[in-house]
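Asks: Just a sequence and a predicted model for now, questions to come.
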Amino acid sequence: MRIGIFTSGGDAAGMNPALKAFVELTLEKGWEPFFVYNGLEGLIDGKIRKASYQDVAGILHKGGTIIKSSRSKRFYDYEYRKRAYDNLKKHDIEKIIVLGGDGSFRAMDVFFEEFGVSFAGIPVTIDNDIYGTDYCLGVDTALNVIRMLLDNIRDTASSFGRAFVVETMGRECGYLALVSSITSGAEICVIPELDVDFVSLKRRLSKELASGRGYVLAVVAEGSNKTQQVADFLKNDLGMETRITTLGHVQRGGNPTVFDRLMAYKFIEFALENLRENIHHMVGFKDEKFYLLPIKDVVSHKYKINDFLLKLGRRMTR
């Protein structure tokens, strides 16, 4: 059996360990692994090549993806999806594993309905915002990168007695900002999922500053669109010298953590064990177990952050 794999959408640490696991486990089963380079665009352009042990040697520690990624507008058109299907047929590839997010899964679900190519989706995004899974590959590395950067910023904040507003990634989901706020001991957390009571914040922080607090650390998710508002609040309402730091794409890179490396192998192993005919499911991880969830369920529901995490975060919004 010939099986292909590609990475799609935003890159995340954990993709390369997953590619290594894919090649090793596929060959172990006596199947033939194929790489599709450059995501959906590569599927359209026929950038498909048989993979070997040599291709994945020495990639376990690397961030990003050695087979590249893309976002494809062309895949919206039937003629390009047909071309992609013809390219798979040329190589006699029967099934696909997709490392990506819900946008990639939507595209492949249409592809399945039209051409019957079975696939398993593995959730990979640092935003950790895909329905049906508690954990997405790459988020642990991103959180550890943010943790290191926040620890460094706190050193400067405490040395100068300043307020720092740190903006994390997360266009629609505040998971990164929330977990980072909780685990770094931030004084303020601002995410789309929680309302901020600036009156209560002023009352609490004014009391703490009067009692000896020397600095303030605020973590803001980019999707809240409140980074400048928080900075203005700290400067004008609390009278603090304030700096804004936007972390940006450094959050996507870096060496994958031990946890992301192990989970990459587990995701791939479960996907291969269940990659049967007529499958178009995502491999989810919930309650410490792997399971299969129909893609239509994934793309028709919105991810919600765990209530316990929101409860902890609410303390930093007032």
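Replies: All right, it came through fine.
Asks: okay but residue 248 is in contact with residue 149, surely?
Replies: No - applying Cβ atoms under 8 Å as the test, residue 248 and residue 149 come out as separate, 10.6 Å apart. The C-beta positions use only the backbone N, C-alpha and C, and glycine is treated the same way.
Asks: Please say which of these two ends up with more neighbours.
Replies: The neighbour comparison of residue 248 against residue 149 (other Cβ atoms under 10 Å) goes to residue 149, with 18 against 11.
Asks: can you give me the helices for this structure?
Replies: All helices of the chain, identified by DSSP state H, fall at 15-28, 39-45, 53-56, 78-90, 102-115, 139-160, 175-184, 198-210, 227-232, 258-273, 295-299, 307-314.
Asks: The first one packs against which elements?
Replies: Helix 15-28 makes packing contacts with strand 2-7, strand 32-36, helix 53-56, strand 95-100, helix 258-273 when contacts are defined by 3 or more Cβ pairs under 8 Å, 6 or more residues apart in numbering; DSSP states H and E.
Asks: which residue sits closest to residue 62 in space, ignoring its chain neighbours?
Replies: Of all residues not flanking residue 62 in the chain, residue 16 sits nearest, at 4.9 Å (Cβ to Cβ, 6 or more residues apart in numbering).
Asks: OK, contacts around the closest residue to residue 130 other than its chain neighbours?
Replies: Excluding the flanking residues, the one nearest residue 130 by Cβ to Cβ, 6+ apart is residue 123, at 4.4 Å. Taking Cβ atoms under 8 Å, 6 or more residues apart in numbering, we find residue 123 in contact with 101, 130, 132, 133, 135, 136, 137, 282, 283, 284.
Asks: now residue 70
Replies: Residue 70 neighbours (Cβ under 8 Å, 6+ apart): 8, 38, 39, 40, 41, 42.
Asks: switch to 7 Å and redo it
Replies: The contact partners of residue 70, by Cβ atoms under 7 Å, 6 or more residues apart in numbering, come to 38, 39, 40, 41.
Asks: what do you get for residue 270?
Replies: Applying Cβ under 7 Å, 6+ apart to residue 270 gives the contacts 283, 290.
Asks: picking up where we left off before, can you pick the most crowded of the contacts of residue 70?
Replies: Busiest of these [other Cβ under 10 Å] is residue 40, holding 29 neighbours.
Asks: could you list every residue that touches that one?
Replies: With contact set as Cβ under 7 Å, 6+ apart, residue 40 has these partners: 8, 70, 72, 75, 107.
Asks: I'd like the residues you listed laid out as CSV, including pLDDT.
Replies: CSV is the format used below for the contacts of residue 40 (pLDDT from 0 to 100):
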residue, pLDDT
8, 96
70, 93
72, 94
75, 96
107, 96
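Asks: between the residues you listed, which is closest to residue 97?
Replies: Proximity of the contacts of residue 40 to residue 97 (Cβ to Cβ) peaks at residue 8, which lies at 11.0 Å.
Asks: For residue 224, see how far away the closest one is.
Replies: As judged by Cβ to Cβ, to the nearest Å, residue 8 and residue 224 stand 27 Å apart.
Asks: which of those two has more neighbours?
Replies: Neighbours per residue (other Cβ under 10 Å) separate residue 8 from residue 224, with residue 8 holding more: 30 against 20.
Asks: Looks like that one contacts residue 96 (just checking).
Replies: No - contact criterion Cβ atoms under 7 Å: residue 8 and residue 96 do not qualify, at 10.7 Å.
Asks: re the thing from before, for residue 171, which of the helices and strands packed on helix 15-28 is the nearest?
Replies: Closest of the helices and strands packed on helix 15-28 to residue 171 is strand 95-100, at 15.8 Å (criterion: Cβ to Cβ).
Asks: Spatially, which two of the contacts of residue 70 are the most separated?
Replies: The most widely separated members of those, counting by Cβ to Cβ, are 38 and 40 (8.2 Å).
Asks: Tell me the backbone dihedrals of residue 117, please.
Replies: When read as degrees, to the nearest 10, the backbone of residue 117 gives phi -80, psi 110.
Asks: what number of residues lie near it?
Replies: Look at residue 117: counted by other Cβ under 10 Å, it has 19 neighbours.
Asks: With the one 10 residues further on instead?
Replies: Applying the criterion other Cβ under 10 Å, we find 25 residues in the vicinity of residue 127.
Asks: list the contacts for it?
Replies: 169, 170, 173, 175, 176.
Asks: Report the lowest-confidence entry in the residues you listed.
Replies: In terms of pLDDT, residue 170 ranks lowest among the contacts of residue 127, with 92.
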